[in-house]
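K.L.:
prediction below, plus the sequence it came from.
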There are 2 protein chains.
Amino acid sequence: MRYSRLFGRTAKTAPHDADSANARLLAQGGFVDQLMAGVYTFLPLGLRVLHKVKNIIREEMNAVGGQEILMPAILPKEPWEKTGRWSDPGPEVMFQFKGRGGADMGLGWTHEEIVTPLAKQFIRSYKDLPFSVYQIQDKFRNEPRAKSGLLRGREFSMKDMYSFHKDEADLVQYYDKVRDAYLRVFERCGLHALVVEASGGAFSKYSHEFQTLTDSGEDIVYYCGKCEYAQNREISEYKAGDTCPKCGGTMKEGKAIEIGNIFKLMTRFSAAFDVGYTDADGAKKPVLMGCYGIGPSRVVGTVAEIHHDEKGLIWPKSVAPFQVHLVMLTAKEETATAKVRETAYRLEQELESAGIEVLFDDREEVRAGEKFADADLIGNPLRLVVSEKTLAQSSVEWKPRMSSEAALVPLAEVVAKCREFLAA
Amino acid sequence: MRYSRLFGRTAKTAPHDADSANARLLAQGGFVDQLMAGVYTFLPLGLRVLHKVKNIIREEMNAVGGQEILMPAILPKEPWEKTGRWSDPGPEVMFQFKGRGGADMGLGWTHEEIVTPLAKQFIRSYKDLPFSVYQIQDKFRNEPRAKSGLLRGREFSMKDMYSFHKDEADLVQYYDKVRDAYLRVFERCGLHALVVEASGGAFSKYSHEFQTLTDSGEDIVYYCGKCEYAQNREISEYKAGDTCPKCGGTMKEGKAIEIGNIFKLMTRFSAAFDVGYTDADGAKKPVLMGCYGIGPSRVVGTVAEIHHDEKGLIWPKSVAPFQVHLVMLTAKEETATAKVRETAYRLEQELESAGIEVLFDDREEVRAGEKFADADLIGNPLRLVVSEKTLAQSSVEWKPRMSSEAALVPLAEVVAKCREFLAA
């Protein structure tokens, strides 16, 4: 992609209402544009990151047998009345409205009320269990205080998975498998998550949240510095300095961002929709359910929150919008500039032919300092510079975003070295 | 994918309210599930088709320089007031509601009101033009009479692209380029589209619709049987039997489904949002716009409408949910069955290792006739059968969905022959 043609621009100043690092950096870097409080457009750079996060999630959900479906966003009132959630939490959370003819509808903020009767159609006997289905979709919440950029929005992307089981042992086994898959998702996105015990509601002792420690987090968690056993403050039996009940280490207090949660729903929804199955012995039994959520846009916001410095974003390789940020610096003389141009455009081609994603800053009217500042702000993992000076040594300047050191790499070795760097 | 684990099932009977072939076949085949009138869940089979259609569109839009973005679905009232569309067509088309605090919002049914002020931020001079951005997203229409399965929904997927130009010549040139890209999209999806002149609104003589001829279409078009010059009845100066004004052929009347449209917006929206640029001569000029829509879910419905027979769907290879439908038929004796099983599971593996998408009907309790009926209903391009009979000749039964003839293919040649068939 040529930077001169890229839709979206870096901005020298942050939006006046940016209340968090991710809101500020993602807007300044040209990743997102705020349409209204808590509602964002993803520009090409931001959408590339979002797609990569979604694909990592998709791969890991498929790996645990999740089957992808896509449920609607506009939902009829009836199934929500069956569970009581049309009125509680009702419009506090759900955007509700009437369609033509007066039918009540609402926008999906979760989909138990839809997936449970859907699954019911396909469950007869124990042989149909277990299974799990998931979707990746924008969800909506009538938030009173949308804030913190992508962290708490009124429209946000969500991967929600629902699993169906014949008994609690089977549910617990799958629940643990998904927990591990979640940890893989976050690790692949460059986030270290604590598995935090949280309120389990009426049917389970605990649910589990995935929390990333950061001073900009809204949640407070107590966690063991040694084994990472953790509880959300809302239910915690511990305080900082207490002895960890699991390993004898010391509990600490920390701020954190919740980036996922998993929940044993047990029969909460299968009972509401009368979803049962016939067991091997002929007995009718209720189906047990689990649900599992990750917000891809919130993950993007959290990665931005965690991985940046004073100059800008520092994307992990796995989710960076582009792998290489190629900068061309024209020379004073036209002959030298022609050589720089010829080399830079050829290098762009060679990298792309090698399957490497390149954002090529081909602008000629922009000063070197501004181009470097833009590269740092956007935060792709590797910056390459082609200039008269580097070409004097038949080389390219090589600087990973994480490093403050630049080096010269011979032109002939650049593609191979990029491959090696990106695979590391 | 093992059919025994697939979420969604074929049904022997059609939904009672299925008013079209696509509604009937997509529901019976286990591709979609209707949640309410005009609102569908995509089950795994249907979502695979939808993803393939979206990816074909994405490739062709990228090829004409479109940059993918993602705008929100919930939209504030203000920009719609600027163009007058908050009240006209207003709630006739747009679902409108209030968020907490009383702010008016609506669900996006098109995005000129959002993309135009967004683009304005990035346009200063003629050097910033032209460009085009697109998104693939669910859109919403407050339809009074949602009907015809995926053809007219209240929630439906849409690819909407918007282009920005310095003058009409540049707009026209890009418009023609997109028209050709659209024809490639439809051709790749197995649809032949007529480019049909339709009302251009206040600013252009014509817009263009892409219409696929079929008796189940809702639109009436007049078209030349020879050169395919065509007009929508709504504006047509011709009737059946007239002489084609372009080539002297004969105009015919036909029913058709609209699967896309392109529109020269000229300054309709750039004027409303005061989007101009500074030209090379320093003059301030208005930006011209074009817009370009294809509904991926409507394309899926249209493909189903066009490509089926009395037994079921007949997917083009490019968008079929799976490439190969592998059927295993157990034998009477357990020894023979063990050999069938061993061969079928191994073949599934070999095909998948070769990058071929396989739906493997591994059910053992289901009769052969039912399995064949399911394969015909689902409509993958190629059916392979492993049974005691085929193994007696070290072969697999080979039957393309399009053909009524089955043949035997030696086991050792199956993978290579599949590759050849799918590439053809």
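P.N.:
That came through fine.
K.L.:
ok, the closest residue to A:Glu112 other than its chain neighbours - how many residues close by?
P.N.:
With C-beta to C-beta, 6 or more residues apart in numbering or on different chains as the measure, A:Phe269 is the residue that lies nearest to A:Glu112, at 4.7 Å, once sequence neighbours are left out. Any C-beta I mention is one placed from the backbone N, CA and C, and that applies to glycine too. The number of residues packed around A:Phe269, counting by other C-beta atoms under 10 Å in any protein chain shown, is 23.
K.L.:
same thing with A:Thr337?
P.N.:
Around A:Thr337 sit 17 other residues, with neighbours defined as other C-beta under 10 Å.
K.L.:
in a helix, it, correct?
P.N.:
Yes: applying DSSP: H, G, I helix; E, B strand; the rest coil, one finds A:Thr337 inside a helix.
K.L.:
which phi and psi does the closest residue to chain B within chain A have?
P.N.:
Among all residues of chain A, A:Phe97 sits closest to chain B, at 3.6 Å; criterion: C-beta to the nearest C-beta. Note on A:Phe97: its backbone torsions stand at phi -160, psi 170 [degrees, to the nearest 10].
K.L.:
residues in a beta bridge with it, which ones?
P.N.:
On the basis of DSSP bridges, A:Phe97 is bridged to A:Met105.
K.L.:
what number of residues lie near it?
P.N.:
Each residue near A:Phe97 was counted by other C-beta under 10 Å, and the total is 21.
K.L.:
picking up where we left off before, residue contacts, the residue nearest to A:Glu112?
P.N.:
The neighbours of A:Phe269, taking C-beta atoms under 8 Å, 6 or more residues apart in numbering or on different chains as the test, are A:83, A:112-113, A:116, A:275, A:289.
K.L.:
apply 10 Å and report the result again.
P.N.:
Shown in contact with A:Phe269 (C-beta atoms under 10 Å, 6 or more residues apart in numbering or on different chains): A:79, A:82-83, A:112-113, A:115-117, A:119, A:162, A:275, A:287-289, A:291.
K.L.:
repeat for A:Lys12
P.N.:
When contacts are counted by C-beta under 10 Å, 6+ apart, A:Lys12 is found next to A:28, A:370, A:373, A:377.
K.L.:
over to A:Lys284?
P.N.:
Shown in contact with A:Lys284 (C-beta under 10 Å, 6+ apart): A:276-278.
K.L.:
any residue of stretch A:361-381 touching chain B?
P.N.:
Yes: using C-beta under 10 Å from any C-beta of the partner chain, stretch A:361-381 reaches chain B at A:Glu365.
K.L.:
no no, stretch A:312-320
P.N.:
No: interface with chain B: stretch A:312-320 contributes nothing (C-beta under 10 Å from any C-beta), its closest point being 15.9 Å away.
K.L.:
so which bits of that stretch are buried?
P.N.:
Of the residues in stretch A:312-320, those buried by neighbour count under the rule 16 or more other C-beta atoms under 10 Å in any protein chain shown are A:312-320.
K.L.:
which of those sit farthest apart?
P.N.:
Within the buried residues of stretch A:312-320, A:Gly312 and A:Ser318 form the most distant pair, 18.3 Å apart (C-beta to C-beta).
K.L.:
from the buried residues of stretch A:312-320, which land in strands?
P.N.:
Members of the buried residues of stretch A:312-320 lying in strands (criterion: DSSP state E): A:312-313.
K.L.:
output the buried residues of stretch A:312-320 in CSV; the columns should cover pLDDT.
P.N.:
Rendered in CSV, the data for these read as follows (pLDDT from 0 to 100):
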residue, pLDDT
A:Gly312, 98
A:Leu313, 98
A:Ile314, 98
A:Trp315, 98
A:Pro316, 98
A:Lys317, 98
A:Ser318, 98
A:Val319, 98
A:Ala320, 98
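K.L.:
nearest to B:Arg145, of the buried residues of stretch A:312-320?
P.N.:
Minimum separation from B:Arg145 among these (C-beta to C-beta) is found for A:Val319, which lies at 43.8 Å.
K.L.:
and stretch A:226-241, what's buried?
P.N.:
A:228-232, A:236, A:238.
K.L.:
now, among those residues, which is nearest to A:Lys399?
P.N.:
Among the buried residues of stretch A:226-241, and counting by C-beta to C-beta, the member closest to A:Lys399 is A:Glu228, at 34.3 Å.
K.L.:
got the end-to-end distance for stretch A:79-99?
P.N.:
Stretch A:79-99 has an end-to-end distance of 17 Å (criterion: C-alpha to C-alpha, to the nearest Å).
K.L.:
and it, average pLDDT?
P.N.:
Taken as a whole, stretch A:79-99 has an average pLDDT of 97.
K.L.:
gap between that stretch and the chain center?
P.N.:
The offset between the C-alpha centroid of stretch A:79-99 and the centroid of the whole chain comes to 27 Å, using C-alpha atoms, centre = their mean, to the nearest Å.
K.L.:
and what of stretch A:299-311?
P.N.:
When C-alpha coordinates are averaged (C-alpha atoms, centre = their mean), stretch A:299-311 and its chain have centres 12 Å apart.
K.L.:
can I get the CA coordinates of it in CSV?
P.N.:
The C-alpha atoms that make up stretch A:299-311 are tabulated as CSV, following Å, rounded to 0.1, in the frame of the first residue of the first chain:
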residue,chain,number,x,y,z
VAL,A,299,-8.7,-6.4,22.0
VAL,A,300,-7.4,-3.9,19.4
GLY,A,301,-7.9,-1.1,21.9
THR,A,302,-6.2,-3.0,24.7
VAL,A,303,-3.2,-3.9,22.5
ALA,A,304,-2.9,-0.1,21.7
GLU,A,305,-3.2,0.6,25.5
ILE,A,306,-0.4,-1.8,26.4
HIS,A,307,1.9,-1.6,23.5
HIS,A,308,2.9,2.0,22.9
ASP,A,309,5.6,4.5,23.9
GLU,A,310,5.7,8.3,23.8
LYS,A,311,6.2,8.2,20.0
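K.L.:
check whether that stretch comes near chain B.
P.N.:
No: applying C-beta under 10 Å from any C-beta, one finds that stretch A:299-311 is not in contact with chain B, the shortest distance being 11.7 Å.
K.L.:
in that stretch, what's buried?
P.N.:
Buried residues in stretch A:299-311 (16+ other C-beta under 10 Å): A:299-308.
K.L.:
state the pLDDT value of the residue lying closest to A:Ile235 once chain neighbours are set aside.
P.N.:
When the adjacent residues along the chain are set aside, A:Ile235 lies closest to A:Ser199, with 5.3 Å between them (C-beta to C-beta, 6+ apart). Per-residue pLDDT puts A:Ser199 at 94.
K.L.:
isn't A:Ser199 right up against A:Arg233?
P.N.:
No: the pair formed by A:Ser199 and A:Arg233 falls short of the contact definition of C-beta atoms under 10 Å, at 11.1 Å.
K.L.:
give me the domain ranges for chain A.
P.N.:
For chain A, whose domains are defined here by automatic domain parsing, the residue ranges read A:3-73+A:108-309, A:324-423.
K.L.:
ok, what's across the strand from A:Gly276?
P.N.:
A:Pro286.
K.L.:
hang on, the earlier thing: inside strands: which ones of the buried residues of stretch A:299-311?
P.N.:
Among the buried residues of stretch A:299-311, the residues falling in strands (DSSP E) are A:His308.
K.L.:
which one of the buried residues of stretch A:299-311 sits closest to A:Ser403?
P.N.:
A:His307 (14.3 Å).
K.L.:
enumerate every residue touching that closest one.
P.N.:
When contacts are taken as C-beta under 10 Å, 6+ apart, A:His307 is in contact with A:21, A:25, A:189-191, A:313-316, A:319-320, A:379, A:401-402.
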